[in-house]
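Engineer: take this sequence and fold it.
(one chain, ligands or ions: 1)
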Amino acid sequence: MATHGSGSAFPTAALVCAMRAEATRLGIDPDLGEPDMLAESFAGDLGRAFLNAFRAAGGSTPEGEARGIIHRTNYYDAAMLQAVQSGCTQVLLLGSGLDTRAWRLPLGEGVTVFEVDVACAHEFKRERLAEIEQEQPIRDGTTESHAKKLAHLRGAKCKRVEVDADLSEARWGRLVADAGFDMERPAFILAEGLLMYLPDKDVTEGLFKQVRGLMAPGSWFMGCAFVSGLGCADAADNGVMMKFGCAWTFKFESADEVRDALEATGFGSVTLKQAQIFFDQGAGLVQTSSPGYQYFSARRDTEA
Ligand SMILES: C[S@@+](CC[C@H](N)C(=O)[O-])C[C@H]1O[C@@H](n2cnc3c(N)ncnc32)[C@H](O)[C@@H]1O
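Structural biologist: Next up is the predicted model:
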């Protein structure tokens, strides 16, 4: 498996997708929208193998992981729906991986969801979509869940556009515009689970600049970032990551550094929020805020 280059982080999309599938299986459903009926199929064998290895390395429980990922999913679901309701007709998912929001959330006909990731991510997702279409529901006894998956796939009203791009490079903004993204219309732009796979701070700041350049007034930019001291990004977990050819390569030094980088790029209304993680040290599941994992939100408020 590749250990370098822009495609090397793709297996992590299958990992988090497998966590969302687990949340659906355990009944830890998002508060908003529909349970993620597609996650199990999208995660595939790759996601299940990665999740099993992650668990075997210890330090996490299936329910803890599922609750953590669903907490993150809910948070961005709510923000995205609010942005769309307030007039953002474009959703731009940076490092979209195996995101199912284009099908799962009630985004209307006038909304376009641009999914940006490396080519192998889109290819993997297309293969899983084809498999769902070809599933034999009666034979394998999955009639009900298969019907729900198909209803999800066919019920989507928004338009979905795939964009192949390396987000560590300078020209991805141009590729997004070429795919139909309109820089004159407000957008909700999300970098969920992406920045920790970028090579360094310069590249991250370059990405912020390209995002800022795409944003019409009224647009939102949200995402998450690791900062030094994150318990779950320790060496043991990174060892599992490396088995799948992936690595967490970038962290900010502090939450203030995240804020400063966004403000220096010209974003306004910057807010930070600690992610919620869930762990079990033998006495039941404990929920806590993680200062080492920050959710950020920024706006382009004015013409400035
Ligand atoms: C942890 S996954 C997150 C996927 C999705 N946002 C989610 O939360 O389910 C990270 C994703 O970022 C993508 N990614 C990482 N570095 C990238 C790069 N340089 N260019 C494009 N995509 C990248 C990976 O391919 C992968 O799909």
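Engineer: OK, contacts around Glu162?
Structural biologist: 115, 117, 122 (CB atoms under 8 Å, 6 or more residues apart in numbering). Quick note: C-beta positions are derived from backbone N, CA and C, even for glycine.
Engineer: doesn't Ser96 make contact with the second one?
Structural biologist: Yes: distance between Asp117 and Ser96: 4.9 Å, which falls inside the contact criterion (CB atoms under 8 Å).
Engineer: what about Val91, which SS state?
Structural biologist: Following DSSP: H, G, I helix; E, B strand; the rest coil, Val91 is assigned to strand.
Engineer: OK, contacts around it?
Structural biologist: 80, 83-84, 101, 107, 111-114, 158, 187-190.
Engineer: go again with 7 Å.
Structural biologist: 80, 111, 113-114, 187-188 (CB atoms under 7 Å, 6 or more residues apart in numbering).
Engineer: Val211 now?
Structural biologist: Contacts of Val211 (CB under 7 Å, 6+ apart): 189, 221.
Engineer: got it, and the one 10 residues further on?
Structural biologist: Listed by CB under 7 Å, 6+ apart, the contact partners of Phe221 are 189, 211, 215, 267, 298.
Engineer: wait, Gly47 sits on Ala13?
Structural biologist: No: with contacts counted by CB atoms under 7 Å, Gly47 stays clear of Ala13, the gap being 8.2 Å.
Engineer: just the helices in the protein please.
Structural biologist: Applying DSSP state H to the chain gives helices spanning 10-26, 39-56, 62-85, 101-104, 119-134, 143-155, 172-178, 201-214, 235-243, 255-264.
Engineer: contacts for the third one next, please.
Structural biologist: Outside of helix 62-85, the residues within contact range by CB under 7 Å, 6+ apart are 16, 19-20, 22-23, 26, 28, 30-33, 55, 91, 101, 105, 107, 111, 188, 190, 192, 220, 222, 275-280, 285, 295.
Engineer: if we can go back for a sec, tabulate the helices of the chain (TSV), appending mean pLDDT and distance to the ligand.
Structural biologist: Shown next, in TSV, are the helices of the chain (pLDDT from 0 to 100; distance: least, CB to the nearest ligand atom, whole Å):
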stretch	mean pLDDT	distance to the ligand
helix 10-26	94	3
helix 39-56	93	9
helix 62-85	93	7
helix 101-104	94	9
helix 119-134	94	5
helix 143-155	82	16
helix 172-178	98	7
helix 201-214	97	8
helix 235-243	76	10
helix 255-264	97	17
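Engineer: can you tell which of the ones you listed is closest to Val163?
Structural biologist: Shortest distance between Val163 and these, using CB to CB, is found for helix 172-178: 5.6 Å.
Engineer: so what does the longest strand anywhere in the chain touch, helix or strand wise?
Structural biologist: In terms of residue count, the longest strand belonging to the chain (DSSP state E) is strand 285-300. Applying 3 or more CB pairs under 7 Å, 6 or more residues apart in numbering; DSSP states H and E, we find strand 285-300 packed against helix 62-85, strand 219-226, helix 255-264, strand 268-280.
Engineer: would you put the C-alpha positions of that strand in CSV?
Structural biologist: Provided in CSV are the C-alpha atoms of strand 285-300 (Å, rounded to 0.1, in the frame of the first residue of the first chain):
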residue,chain,number,x,y,z
LEU,A,285,-17.9,5.1,28.7
VAL,A,286,-16.8,8.6,29.6
GLN,A,287,-17.4,11.6,27.4
THR,A,288,-14.9,14.4,27.5
SER,A,289,-13.8,17.5,25.5
SER,A,290,-10.5,17.1,23.8
PRO,A,291,-8.3,20.2,23.7
GLY,A,292,-6.1,18.4,21.1
TYR,A,293,-8.9,18.2,18.6
GLN,A,294,-10.5,21.4,17.6
TYR,A,295,-13.5,22.1,15.4
PHE,A,296,-13.2,25.5,13.7
SER,A,297,-15.7,27.7,12.0
ALA,A,298,-15.1,30.9,10.0
ARG,A,299,-17.0,33.2,7.8
ARG,A,300,-16.6,35.5,4.9
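Engineer: next, the distance between the ends of stretch 134-149.
Structural biologist: With CA to CA, to the nearest Å as the measure, stretch 134-149 spans 12 Å from end to end.
Engineer: would you mind listing the buried residues in stretch 92-106?
Structural biologist: Neighbour-count burial for stretch 92-106 flags 92-105 (criterion: 16 or more other CB atoms under 10 Å).
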